[in-house]
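Test case, fold it:
(one chain, ligands or ions: 2)
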Amino acid sequence: MRIACLGGGPAGLYFAISMKLRDPAHEIDLYERNRPDDTFGWGVVFSDQTVENLMANDPVSGSIIQSEFAHWDDIEVHIHGQTMRSSGHGFIGIGRRRLLNILQDRARELGVRLHFEHEASPDLDSYAGFDLVIAADGANSRIRTEHEAHFGVDIQVRKNRFFWFGTQKVFEAFTFAFEETEAGWVWAHAYRFDDNLSTFIVEMAPDTWAGLGLDRMEQAEAIALCERIFAKYLDGHALMSNAAHLEGPEAWLRFRRVLCERWSYRNLILLGDAAHTAHFSIGSGTKLALEDSIKLAEVLNRPGLSRDSALAEYREERQVEVLKLQNSARNSTEWFESLERYLHFEPIQFAYSLLTRSQRVSHENLRLRDKPWLEGVERWFQSKALGTPVNDPAPPMFAPYRLRRLELANRVVVSPMAMYSARDGDPNDFHLVHYGARAQGGAGLLYTEMTCVSAEGRITPGCAGLYRPEHVEAWRRIVDFVHANTGAKFCLQLGHSGPKGSTKVGWEGYDVPLDEGNWPVMAASDVPWSARNQIPRPMTRADMDEVRGQFVASVRMGLEAGFDMVELHAAHGYLLSSFITPLTNKRSDDYGGSLDNRLRFPLEIFRAMRAVWPADRPMSVRISANDWMGELGVTPDEAVLIGRAFAEAGADLIDVSAGQTWADCAPVYGRMFQTPFADQIRNEGRVATMAVGNIYESDHVNSILAAGRADLVALARPHLIDPMWTLRAAAAADHRSVHVPPQYLGGMAQLARNLAREAELKA
Ligand SMILES: Cc1cc2nc3c(=O)[nH]c(=O)nc-3n(C[C@H](O)[C@H](O)[C@H](O)COP(=O)(O)OP(=O)(O)OC[C@H]3O[C@@H](n4cnc5c(N)ncnc54)[C@H](O)[C@@H]3O)c2cc1C
Ligand SMILES: Cc1cc2nc3c(=O)[nH]c(=O)nc-3n(C[C@H](O)[C@H](O)[C@H](O)COP(=O)(O)O)c2cc1C
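Ligands and ions are numbered 1, 2, ... in the order given. This next block holds a predicted model:
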């Protein structure tokens, strides 16, 4: 094949090498606009895995690269005058220029024709004689831009400013240094990449950048300022720039996140940063470029595979890897962009949060990397929770938690789940067994399903209620069982279905109106849940008074039944949620429009409940922190204000769910997908939160808690299928301080033994 490689960065060079290795007959011309020794940036980092891939693909260049790598294991985080050092992270670094020189030599040796100082044209006609044109011209690819329409390009320019410096100060650990200036926080990502040079990237928020005057400063002045800010880390060494070609402030870049729906068009293929970028804070851009190159060369040389099939396979296989890395990179980018949120953490938690920011590194990964450090975090967490120093580390999920006078034995919660198994609102034997079994399973807190404050407030005829004296007796039987036989506390979730009422039970069709016997429904406005649901009656002030009275009566009954805690359900499109989200609240009176107005009725209900619920017992509120409809609905930023408003009205905990407020919304699902909202509300709104949503491993729970993303963690579906979820997690962690019903102690001991044996065998 005759191939034109446009761009001589890691992607273009390594692709050319990988093609020649597979078939020396390929004729490859590589065009690079710079000279061989010109390069922006300083060092790049890889993981051990990437080096193994390079060795397998080309042992010749692989071994030169490997022999020149600077290797280090430690990460140091400097914050608030303290240094947190953890180990076992295994990084390797190499100078970008050195890497390119090694690849250039190897490409030449294999017969690739290298043309430097050659600006490649974006006009495809100029490559008429070539079978393939590889656009490896980086994140700002001119070729991609010229043919943009064919690639489905999505570019986000991130907000922080950064400058990629070098320095002769040799950092022995990967160093994150955070410094406060008069204009805000500034931080450095620094690492050694050869015997006497380190990369030193300085990053900051745009306001800080402007506040420090960097938006109008010449480079020399900016460098002097950064040297002053980071003087204590640089030991008198200078910061060096190789961005002299850029005018003063222009050397301060904003990261461009590039994502393309398609990576090829006819015989033009995007490779490396031209196709996708990953934020520098996870150091994976070069790895992606190199691994793309290996895969592309492999499929193009596979006998019997047509070009189109090869490209389809290339895309299919690499896409998954790229998306995973881009997700991690997004989390990491957002962490640095939201730094203010975490600055109140103690240094040890700040460091943990930083290390787990991409969500690729979890609690158990940290244990593998540096057990003593992780155990230090666990001891710190337990000591904080107990208010006294402890010597024995234990997983964060088993730390106690206090809400007003209520003591929870641990941080695991059985999330509210409608069972649709009541008759006339009455919970029955099913509920006794259901809640009884889950309370025996070891969670610190158990929620009832949405328990309705009136017959019309039910979602379905099967919903449980608390609006008649018989309901009190029926619930008391269950509450008494839980208190007498388990260590769990019991929270009553109270709600009113509003526009989503009068529908069939879940397994007969969610949100489908009844075949007969429908009752009229009401909401903030006459906006139906969907085209097939009833048009609700907009609530009058008299309706509001009546509903408020119902909530208050139910709270009183909850007290009689013996519940430890009450939650107001103001999420998921039900009555109170229909007021909060602007998607369904179209009112023009005092209850619609601004957020204050939309919150007026839900807050009125909450305050009325709080007034009759004992002051020493806690209350929570479940909210939908994101309508998943962009600015048209509730956004996570607005959810911080919602959480704060309820906290100021006396809520002790915000139960942070999301969505189900608009039938056509587009949630972004994934592991722990709603946890970022719990994090934001907790750390910006400074209110305790509970995370929920696709959290299913104890590793998730521990990571969320130790990183301070939430105070409690609720699991719903995992508890449906495994009532003993917490006991199982305790057995796996060989953790003994958990309440096990005495009747089940033998099972617990056997499970712990078996799991320990399995773990030993695996190790
Ligand atoms: C601050 C910062 C730090 C980073 N740190 C790391 C790290 O630690 N680890 C890591 O793996 N990655 C890191 N990266 C990312 C990494 O640099 C890129 O992901 C990687 O270089 C991508 O390789 P590439 O070959 O696709 O693109 P590039 O390296 O950008 O190469 C593109 C080449 O094309 C040339 N070119 C462009 N247009 C033309 C044209 N019209 N004609 C001819 N030539 C042209 C350019 O001169 C350039 O040489 C970092 C990036 C930044 C910005
Ligand atoms: C069968 C079922 C019923 C549910 N009923 C309720 C409910 O009554 N009240 C509520 O706030 N959330 C309810 N939810 C939502 C859960 O509490 C939880 O937020 C959601 O399932 C995501 O958590 P998970 O991924 O752990 O399942 C229900 C979920 C399920 C699966």
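
was I right about A70 contacting T199?
No: between A70 and T199 there is no contact under CB atoms under 8 Å: 10.5 Å. For glycine as for every other residue, the C-beta is placed from the backbone atoms N, C-alpha and C.

which of those two has more neighbours?
Using other CB atoms under 10 Å, the more surrounded residue of A70 and T199 is T199, with 26 against 21.

helix or strand for that one, which one?
Assigned by DSSP states H and E, T199 belongs to strand 197-204.

which helices and strands sit right next to that strand?
Strand 197-204 sits against strand 43-47, strand 161-167, strand 184-194, with contacts defined as 3 or more CB pairs under 8 Å, 6 or more residues apart in numbering; DSSP states H and E.

give me that answer again for 7 Å
strand 161-167, strand 184-194 (3 or more CB pairs under 7 Å, 6 or more residues apart in numbering; DSSP states H and E).

Quickly list what's touching both of A70 and T199.
Shared contacts of A70 and T199 (CB atoms under 7 Å, 6 or more residues apart in numbering): F193.

and L54, what does it touch?
Contacts of L54 (CB under 7 Å, 6+ apart): G62, I65, L290.

got a list of contacts for the strand holding T199?
Residues outside strand 197-204 that contact it (CB under 7 Å, 6+ apart) are 42-43, 95, 160-171, 184-193, 226, 239, 280, 336.

and L568, how far is that from S578?
To S578, L568 is 14 Å away according to CB to CB, to the nearest Å.

cool, and M557?
24 Å.

out of those two, which sits in the more crowded spot?
Using other CB under 10 Å as the criterion, M557 and S578 rank with S578 on top: 30 against 23.

hang on, the more buried one packs against M522?
No: contact between S578 and M522 fails when scored by CB atoms under 7 Å: they sit 9.0 Å apart.

and the stretch 101-250 of the chain, which residues reach ligand 1?
With CB under 6 Å from any ligand atom as the criterion, the stretch 101-250 of the chain comes near ligand 1 at residues E119, A120, A136, D137, G138, R142, W164, I201.

SS state for the first one?
In this case it means E119. Counting by DSSP: H, G, I helix; E, B strand; the rest coil, the backbone at E119 sits in coil.

Quick one: buried ones out of the contacts of strand 197-204?
Buried members of these, counted by 16 or more other CB atoms under 10 Å: 42-43, 95, 160-167, 169-171, 184-193, 226, 239, 280, 336.

in the stretch 551-700 of the chain, which spans are helices?
Taking DSSP state H, counting those that start in this stretch, the helices of the stretch 551-700 of the chain run over residues 575-580, 595-612, 636-648, 675-685, 698-706.

distance of G8 from H245?
Distance from G8 to H245, by CB to CB: 17 Å.

Looking at these two, which is more packed in?
Higher neighbour count among G8 and H245: G8, with 28 against 9, using other CB under 10 Å.

Roughly how far does the more buried one sit from ligand 1?
The gap separating G8 from ligand 1 is 5 Å, by CB to the nearest ligand atom, to the nearest Å.

Tell me if that residue really is in a strand.
No: per three-state DSSP, G8 lies outside any strand segment and is coil.

Could you find the closest non-adjacent residue to it?
E32 (3.1 Å; CB to CB, 6 or more residues apart in numbering).

Residue of the stretch 101-250 of the chain closest to ligand 1, please.
G138 (2.8 Å; CB to the nearest ligand atom).

any idea whether that residue is helix, strand or coil?
coil.

correct me, but it touches G9?
Yes: with contacts defined as CB under 7 Å, G138 counts as touching G9 at a distance of 5.9 Å.

Neighbour count for these two, which is higher?
More crowded of G138 and G9, by other CB under 10 Å: G9, with 27 against 23.

circling back: and the strand holding T199, how far out from the chain middle?
Computed by CA atoms, centre = their mean, to the nearest Å, the chain-centroid distance of strand 197-204 equals 25 Å.

pLDDT on the helix or strand following that strand, on average?
Following strand 197-204 in sequence order, the next helix or strand is helix 206-211 (DSSP H and E). Averaged across helix 206-211, the pLDDT comes to 98.

what does stretch 265-272 give?
If you average the pLDDT over stretch 265-272, you get 94.

Give me the distance between that stretch and the centre of its chain.
31 Å.

just stretch 306-322 next, same as before
27 Å.

can you check stretch 209-227 too?
Averaging C-alpha positions (CA atoms, centre = their mean) puts stretch 209-227 33 Å from its chain's average.

Quote the end-to-end distance of it.
15 Å (CA to CA, to the nearest Å).

What of stretch 533-545?
25 Å.

which of the contacts of strand 197-204 are close to ligand 2?
Checking those against ligand 2 (CB under 6 Å from any ligand atom), there are no matches.

so who does whichever residue of the stretch 251-400 of the chain sits closest to ligand 2 touch?
Of all residues in the stretch 251-400 of the chain, the one sitting closest to ligand 2 is M397 (14.5 Å; CB to the nearest ligand atom). M397 sits next to N410, R411, V412, S698, V701, N702, L705, A729 when contact means CB under 7 Å, 6+ apart.

Most widely separated two among these?
L705 and A729 (12.6 Å; CB to CB).

Just list what the longest helix along the chain packs against, helices and strands only.
Longest helix in the chain by number of residues (criterion: DSSP state H): helix 307-337. Packing partners of helix 307-337 (3+ CB pairs under 7 Å, 6+ apart): helix 285-300.

And ligand 1, is the helix it packs on touching that?
Yes: for a cut-off given as CB under 6 Å from any ligand atom, helix 285-300 has contacts with ligand 1, namely G285, T286, K287, A289.

picking that back up, highest neighbour count among the contacts of L54?
Busiest of the contacts of L54 [other CB under 10 Å] is L290, holding 26 neighbours.

Show me which residues of this protein sit near ligand 1.
6-12, 31-34, 41, 44-45, 119-120, 136-138, 142, 164, 201, 272-274, 280, 283-287, 289.

Need the buried ones from those selected in ChimeraX.
Selecting only the buried entries of the residues of the chain next to ligand 1 in ChimeraX, with 16+ other CB under 10 Å as the criterion:
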select :6,7,8,9,10,11,12,31,32,33,34,41,44,45,120,136,137,138,142,164,201,272,273,274,280,283,284,285,286,287,289
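
Contact partners for A136?
So A136 contacts C5, L6, G7, G9, A11, G12, F15, L271, G272, A274 (CB under 7 Å, 6+ apart).

what does N34 give?
N34 neighbours (CB under 7 Å, 6+ apart): F116.
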